[in-house]
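Asker: here is a sequence together with a model predicted from it:
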Amino acid sequence: MKGTFPTDKFRELRTPFYYYDTKVLRDTLDCIRKETAKYENYAVHYAVKANANPKVLTIIRESGLGVDCVSGGEIRAAIKAGFPASKIVYAGVGKADWEIELGLEYSIFCFNVESIPELEVINELAAAKGKVANVAFRINPNVGAHTHANITTGLAENKFGISMEDMERVIEIAQGLKNVNFVGLHFHIGSQILDMGDFVALCNRINELQDKLEARRIRVEHINVGGGLGIDYTHPNRQPIPDFKSYFETYDNCLKLRSYQTLHFELGRAVVGQCGSLIAKVLYVKQGTNKQFAILDAGMTDLIRPALYQAYHKIENITSDETPETYDVVGPICESSDVFGKAVDLNKVKRGDLIALRSAGAYGEIMASGYNCRELPQGYTSDELV
């Protein structure tokens with residue numbers, strides 16, 4: 001079953017472009033609100049790195065979510081979209097001085113700190129501004145996730161976070177500094193996780209670490225478990241909204257949260273992934289020796305995930321109802337890796353047909369580049385194309 005798109009409106013737009021179905025986005029946000037309302041002290045921050053389109057950010061802000069930022073530019077985008085600084089958390093293994101200073105100027109809720117040198121720099125910069133910065137420590141739990149190696153972040157071999165062995169020492173150092181205030185622990189094990197057992201493993205590890213800290217009478221007000229919940233790339237129409245019910249239930253059942261603690265989530269892909277599609281036009285249908293190619297005007301500069309992660313996106317010919325044929329769907333970039341899919345069955349393709357690459361709302365537009373001196377794709381919402 002193909003998705004429903006306003007193809008007449010699409011014909012008026014220059015391709016390639018991103019299309020965001022705001023009904024899917026708002027339905028997703030409503031589901032998040034409904035599920036988190038079942039529990040006390042659950043706070044959700046949208047991970048801006050997934051999609052920073054201003055129109056998308058505005059809708060997310062209107063839903064009441066906070067934001068998770070990983071750069072100074074993302075902090076600025078969040079503030080511009082109207083998110084209160086009190087709901088901004090800032091993570092990242094390499095925070096530049098100006099980015100830390102920006103967070104201090106806005107008095108953001110928390111810096112998720114990933115090393116002792118970073119902690120010392122934040123304390124120094126906060127002192128220069130006469131401020132005290134809230135900090136949480138990103139602890140590397142050495143928990144693997146059943147996902148692509150490039151988006152696994154919780155193993156000891158990854159660059160992210162502070163080792164469990166150093167946790168208590170880092171907290172003690174923070175408690176001795178005047179311009180930082182230790183408020184919590186932060187964890188994140190990866191992305192596109194569909195096996196709830198991975199989150200159970202994280203909960204078990206956090207429980208161990210919490211017991212260890214309590215034995216030392218160290219109180220932790222905030223626990224941040226990151227995000228990581230995946231989406232159904234194969235069946236975007238059948239499952240447009242991720243399984244938030246099971247996701248939040250897993251933490252409620254398995255994490256021994258203290259009565260005074262707030263549990264924070266940093267969801268990105270699960271919020272925006274299914275609402276977005278990359279819309280491209282067929283430039284040529286090329287007959288090869290043993291296969292035929294559908295050559296699009298969109299390429300890896302517009303959607304890099306297939307080339308970078310060997311990621312699957314459902315591909316649909318949204319302007320043809322003819323009998324399906326098999327194609328390699330490729331782009332115009334001068335790279336052999338500029339391939340969206342091989343041996344893809346599409347309704348018969350001809351020059352000028354519109355092709356939708358589904359489930360592209362996350363890590364699509366935001367990762368676009370100007371390689372080959374190409375223009376960046378525009379982003380449009382269904383609200384604009386009524």
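Answerer: Nice, I can see it.

Asker: any idea which helix or strand in this protein has the lowest mean pLDDT?
Answerer: Every helix and strand in the chain was compared by mean pLDDT, DSSP states H and E; the lowest is strand 162-163, with a mean of 92.

Asker: packing partners of it?
Answerer: Secondary-structure packing of strand 162-163 (3 or more CB pairs under 8 Å, 6 or more residues apart in numbering; DSSP states H and E): strand 133-140. Just so you know, the C-beta spots here come from the backbone N, C-alpha and C atoms, and that holds for glycine as well.

Asker: what sits up against the strand it packs on?
Answerer: Outside strand 133-140, the residues that touch it by CB atoms under 8 Å, 6 or more residues apart in numbering are 89, 91, 103-104, 109-114, 119, 122-123, 126, 154-156, 158, 160-164, 167, 170-171, 174, 179-188, 209, 222, 224.

Asker: mind checking how far that strand is from the chain centre?
Answerer: 20 Å (CA atoms, centre = their mean, to the nearest Å).

Asker: check which helices and strands the longest strand belonging to the chain sits against.
Answerer: Ranked by number of residues, the top strand in the chain under DSSP state E is strand 276-287. Where contact means 3+ CB pairs under 8 Å, 6+ apart, strand 276-287 is packed against strand 17-20, strand 292-296, strand 354-357.

Asker: buried sites along that strand?
Answerer: Gly276, Ser277, Leu278, Ile279, Ala280, Lys281, Val282, Leu283, Val285 (16 or more other CB atoms under 10 Å).

Asker: ditto for stretch 321-333
Answerer: Neighbour count says stretch 321-333 has Tyr327, Asp328, Val329, Val330, Gly331, Pro332, Ile333 buried, by 16+ other CB under 10 Å.

Asker: okay if I get the residues you listed as TSV plus pLDDT?
Answerer: Putting the buried residues of stretch 321-333 into TSV (pLDDT from 0 to 100) gives the following:
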residue	pLDDT
Tyr327	98
Asp328	98
Val329	98
Val330	98
Gly331	98
Pro332	98
Ile333	98
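
Asker: got the residues you listed as CSV, with distance to Gln239 and secondary structure columns?
Answerer: Formatted as CSV, the buried residues of stretch 321-333 follow (distance: CB to CB, whole Å; DSSP: H, G, I helix; E, B strand; the rest coil):
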residue, distance to Gln239, secondary structure
Tyr327, 25, strand
Asp328, 27, strand
Val329, 23, strand
Val330, 28, strand
Gly331, 27, coil
Pro332, 32, coil
Ile333, 31, coil
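
Asker: and the two most separated of these?
Answerer: Farthest pair in those (CB to CB) is Tyr327 and Ile333. Separation: 17.4 Å.

Asker: ok, the spatially closest residue to Pro6 that is not a sequence neighbour to Lys34 distance?
Answerer: Spatial nearest neighbour of Pro6, excluding adjacent residues (CB to CB, 6 or more residues apart in numbering): Leu385 at 5.2 Å. For Leu385, the distance to Lys34 (CB to CB, to the nearest Å) stands at 28 Å.

Asker: the two: who's more crowded?
Answerer: Leu385 (15 against 11; other CB atoms under 10 Å).

Asker: now the more buried one, what's its secondary structure?
Answerer: Here Leu385 takes the coil state, with states given by DSSP: H, G, I helix; E, B strand; the rest coil.

Asker: avg pLDDT for the helix or strand hosting His45?
Answerer: Applying DSSP states H and E as the criterion places His45 in strand 42-47. Mean pLDDT, strand 42-47: 98.

Asker: strand partners of it, parallel vs antiparallel please.
Answerer: Using DSSP bridges, the strands paired with strand 42-47 are strand 66-69 (parallel), strand 262-267 (parallel).

Asker: list the buried residues of the last one.
Answerer: So the one you mean is strand 262-267. Leu263, His264, Phe265, Glu266, Leu267.

Asker: out of the residues you listed, who's nearest Pro377?
Answerer: The closest of the buried residues of strand 262-267, once distances to Pro377 are taken by CB to CB, is Leu267, at 24.0 Å.

Asker: residues in contact with the closest one?
Answerer: Counted by CB under 8 Å, 6+ apart, Leu267 has contacts Ile32, Val44, His45, Tyr46, Ala47, Gly227, Leu229.
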